[in-house]
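S.K.: Quick one: sequence and predicted model below, then my questions.
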Amino acid sequence: MGRPKQFDPDVAVGHAMDVFWRKGYAATTPQDLVDALGIGKGSLYNTFGSKHALFEAALSRYRDSQAAALIEMLEEPGPVKDRLRRALRLLSEMDLADPDRRGCMAVNTAAELGQADESAARLVQRMFDRTEDAFRALVEEGRRTGEIAADRDARAVGSLLLNTVVGMRLLARVADGPDRLTRVVDAVVDSL
């Protein structure tokens, strides 16, 4: 009979997410994970199977928490453009306030692994789809309320807003302040 686990796998995924987010997949070693999780390599592999399986769990955790937070901001009451501006500004403020300037784990994963890692690409694509769908729904609401021109293609604008967020998250990693990101947010929202 095996010994009971001395750690909570759910908490471990959260710690692993922080390591992968900060270092990226390739630069994260099994030793980095063992150190961050406070477990032995045997426990790491017995529980998660592999570094890649733990990475997928961490990326899924990130996707679920980050997408939910953005969708919640977009669904708050108030005028559509105000909600959109607030959400985009908050994303840039969070990125700039992060001392490690990690950016977005999904964007980082897309840049690092692209199509070289099919399962990671699928997870990132699902997050991007979910985000784009939330933007599309917001644009459709704005069209119904008259805040956004009725002839604007909600799906195309949703794609534009997703692309804007991806670009902003990358810019924030190297920005020396909020000015450029604020200009991007204002230009995009004002163009609607």
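M.R.: Good, I have the coordinates.
S.K.: same question for the longest helix belonging to the chain, mean pLDDT?
M.R.: Looking across the chain with DSSP state H, the single longest helix is helix 118-145. Across helix 118-145, the average pLDDT comes to 96.
S.K.: residues in contact with residue 95?
M.R.: Going by Cβ atoms under 8 Å, 6 or more residues apart in numbering, residue 95 touches 101, 103, 104, 168, 169, 172, 173. From N, CA and C alone the C-beta is placed, and that goes for glycine too.
S.K.: right, I mislabeled it, should have said residue 189
M.R.: 81, 84, 85, 88.
S.K.: where in the chain is pLDDT low?
M.R.: 1-6 (pLDDT under 70).
S.K.: cutoff 90 now
M.R.: Counting by pLDDT under 90, the ranges of the chain that qualify are 1-9, 38-44, 64-71, 114-115.
S.K.: What angle do helix 118-145 and the helix or strand harbouring residue 67 make with each other?
M.R.: Here residue 67 sits within helix 51-74, counting by DSSP states H and E. Angle, helix 51-74 to helix 118-145, by axes from the mean of the first three to the mean of the last three Cα atoms, to 10 degrees: 10 degrees.
S.K.: quick one: the host helix or strand of residue 82 to chain centroid distance?
M.R.: Here residue 82, judged by DSSP H and E, is contained in helix 80-97. Distance of helix 80-97 from the chain centroid (Cα atoms, centre = their mean, to the nearest Å) equals 14 Å.
S.K.: Buried ones in it, by neighbour count?
M.R.: Buried residues in helix 80-97, counted by 16 or more other Cβ atoms under 10 Å: 80, 83, 84, 85, 86, 87, 88, 89, 91, 92, 95, 96.
S.K.: cool, stretch 111-128 as well?
M.R.: 113, 117, 120, 123, 124, 127, 128.
S.K.: returning to that earlier point: let's see the helix holding residue 67 as CSV, backbone CA atoms only.
M.R.: In CSV, the C-alpha atoms belonging to helix 51-74 read as follows (Å, rounded to 0.1, in the frame of the first residue of the first chain):
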residue,chain,number,x,y,z
LYS,A,51,6.5,17.8,-17.5
HIS,A,52,4.3,18.3,-20.6
ALA,A,53,1.2,17.0,-18.9
LEU,A,54,1.8,19.3,-16.0
PHE,A,55,2.3,22.2,-18.4
GLU,A,56,-1.0,21.4,-20.1
ALA,A,57,-2.8,21.4,-16.7
ALA,A,58,-1.1,24.7,-15.8
LEU,A,59,-2.1,26.2,-19.2
SER,A,60,-5.6,25.0,-18.8
ARG,A,61,-5.8,26.5,-15.3
TYR,A,62,-4.5,29.8,-16.7
ARG,A,63,-7.0,29.8,-19.6
ASP,A,64,-9.9,29.1,-17.3
SER,A,65,-9.0,31.8,-14.8
GLN,A,66,-7.9,34.5,-17.2
ALA,A,67,-10.7,34.1,-19.7
ALA,A,68,-13.3,34.0,-16.9
ALA,A,69,-11.9,37.3,-15.5
LEU,A,70,-12.0,39.1,-18.8
ILE,A,71,-15.5,37.8,-19.6
GLU,A,72,-16.7,39.0,-16.2
MET,A,73,-15.3,42.5,-16.8
LEU,A,74,-17.0,42.6,-20.2
